[in-house]
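# Next come a sequence and a model predicted from it.
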Amino acid sequence: MTTLITGGAGYIGSITARAIRASGRAVVVLDTLENGHRKAVGDAPFVQADVADADAVRRTVEEHGVDEVVHFAAYKAVGESMENPGKYFANNVTGSQKLFEVLHTCGVERVVFSSTAAVYGTPSRVPVRETDAANCESVYAETKLMIEKTLGWYSRTTGMRSVCLRYFNAAGASDDATLGEDWRFSQNLVPHVMKAVLGRSPALKVFGNDWPTPDGTGVRDYIHVEDLATAHVAALDHLSSGGASVTCNVGTGQGTSVLEVIAATERIAGRKVPHEIVGRRAGDVSEVFADASLIRGLFGWEPRRHLDDIISSAYAWHSANPDGHPS
Ligand code: UD1
């Protein structure tokens, strides 16, 4: 069995590629390296190409005997997507459509797609369920929803089956701390906390302590990237054993506040996280966490790591790789 992993040189893609290999599958990684890192691919077979390059994708599928695909390749900066929507529609949506059409014509009928809980926007209730309305509040989120819908139509009209995984807040590094997030390209909380605790940035800005949450700071569902990786393996297993197309939340089901993330970091690092309370960030919401019962029930998947594992792996990774990329 060979799995094509688009975007497999990126943060979540590279850690998932390792988990897929560990499950006994052969892999081939396809990535432009625009935001990914060649070193993160290690000794896995690698093709430097865009998913929109139909010839390159077809060649890769044929040469490597690809049976199934995990599709990560996409732009993911929410702010940039609002400033340059065309870049996101072209790369994420059109690129994915081209990819799926080549897969379809090559007879590759199993796709796992990297989607996001951002499709829910400001949820009407927590925990958020898959059946709750999508309400995208950014171009980025809309592109992910459009790709989900495209896969839905392939599923209805062809033999293609897909699992769309809606990630909550992916965080942490690989268990061995050799792969992790490039903090130069991330606006997310954990890499910012790491920069602050490691003295690589001025004080962390905490965006508001007047939210209607227990300690007043924003609450999110932080899911360890290694647990996220095993969710993809479970999704591939589901499809290869004949499972139907489905869209699943991937989260722990537990909310954690910004101050709790800071406290865990201070405990694990043994030093203070310099931080200051500032105003709320535009577009932020108070509290988002998953109802993860669908993926637990359907795939038997369970997150095995906790907030401390997220923080200790991120701390080890960023301490060893202050330039952002694998050294
Ligand atoms: C953000 C994106 C979302 C994306 C997700 C995962 C926005 C509006 N949303 O969500 O679309 O799917 O990342 O990539 O950009 N915080 C601080 N200080 C910081 C950074 C964050 O206090 O320097 C707080 C935020 O206010 C929030 C929490 O930390 O309460 C988590 O923020 P973040 O990591 O950016 O994730 P989301 O806001 O959930």
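That came in fine, so what should we check first?
# and L30, what does it touch?
L30 makes contact with 4-8, 46-49, 51, 56-57, 60, 73, according to C-beta atoms under 8 Å, 6 or more residues apart in numbering. (Each C-beta comes from the backbone N, C-alpha and C, glycine too.)
# at 10 Å what do you get?
Listed by C-beta atoms under 10 Å, 6 or more residues apart in numbering, the contact partners of L30 are 4-9, 13, 45-51, 53, 56-57, 60-61, 64, 66, 69, 71-73, 99.
# Can you tell me which of the residues you listed are buried?
4-9, 13, 46-47, 49-51, 53, 56-57, 60-61, 64, 66, 69, 71-73, 99 (16 or more other C-beta atoms under 10 Å).
# Strands - which of the contacts of L30 land there?
Those of the contacts of L30 mapping onto strands are 4-6, 46-48, 69, 71, per DSSP state E.
# quick one: which of these is nearest V27?
Each of the ones in strands among the contacts of L30 was scored against V27 by C-beta to C-beta, and I5 proved nearest at 5.6 Å.
# Quick check: the gap between the closest one and Q254.
29 Å (C-beta to C-beta, to the nearest Å).
# Likewise for T158?
Per C-beta to C-beta, T158 is found 38 Å from Q254.
# out of these two, which sits in the more crowded spot?
Ranked by neighbour count (other C-beta atoms under 10 Å), T158 and Q254 place Q254 first, with 18 against 12.
# Ramachandran coordinates for the more buried one?
With angles defined as degrees, to the nearest 10, Q254 sits at phi -120, psi 140.
# so it touches H306, yeah?
Yes. The pair Q254 / H306 is scored as a contact, 9.0 Å apart, by C-beta atoms under 10 Å.
# Please identify every residue contacting each of these two.
Contacts common to Q254 and H306, judged by C-beta under 10 Å, 6+ apart, are Y222.
# can you count the residues close to E34?
11.
# restrict the ones in strands among the contacts of L30 to those near the ligand?
Among those, no residue is within reach of the ligand (C-beta under 6 Å from any ligand atom).
# so what's the residue of the stretch 151-300 of the chain found nearest the ligand up against?
Nearest residue of the stretch 151-300 of the chain to the ligand, counting by C-beta to the nearest ligand atom: G218, 2.1 Å away. Contact partners of G218, counting by C-beta under 10 Å, 6+ apart, are 189, 206-209, 211, 255-259, 261, 280-281, 284-288.
# which other helices and strands contact the helix or strand of the chain with the lowest mean pLDDT?
Taking mean pLDDT, DSSP states H and E as the measure, helix 78-83 is the helix or strand of the chain with the lowest mean score, a mean of 94. In terms of contacts (3 or more C-beta pairs under 10 Å, 6 or more residues apart in numbering; DSSP states H and E), helix 78-83 is packed against helix 85-88, helix 139-157.
# so which of the ones you listed is the most packed in?
Highest mean neighbour count of those: helix 139-157, a mean of 19 (counted as mean count of other C-beta atoms under 10 Å).
# Could you list every helix and strand that that helix packs against?
Packed next to helix 139-157, using 3+ C-beta pairs under 10 Å, 6+ apart, are helix 78-83, helix 85-88, helix 95-106, strand 110-116, strand 161-167, strand 246-250.
# The same query, at a cut-off of 8 Å, please.
helix 78-83, helix 85-88, helix 95-106, strand 110-116, strand 161-167 (3 or more C-beta pairs under 8 Å, 6 or more residues apart in numbering; DSSP states H and E).
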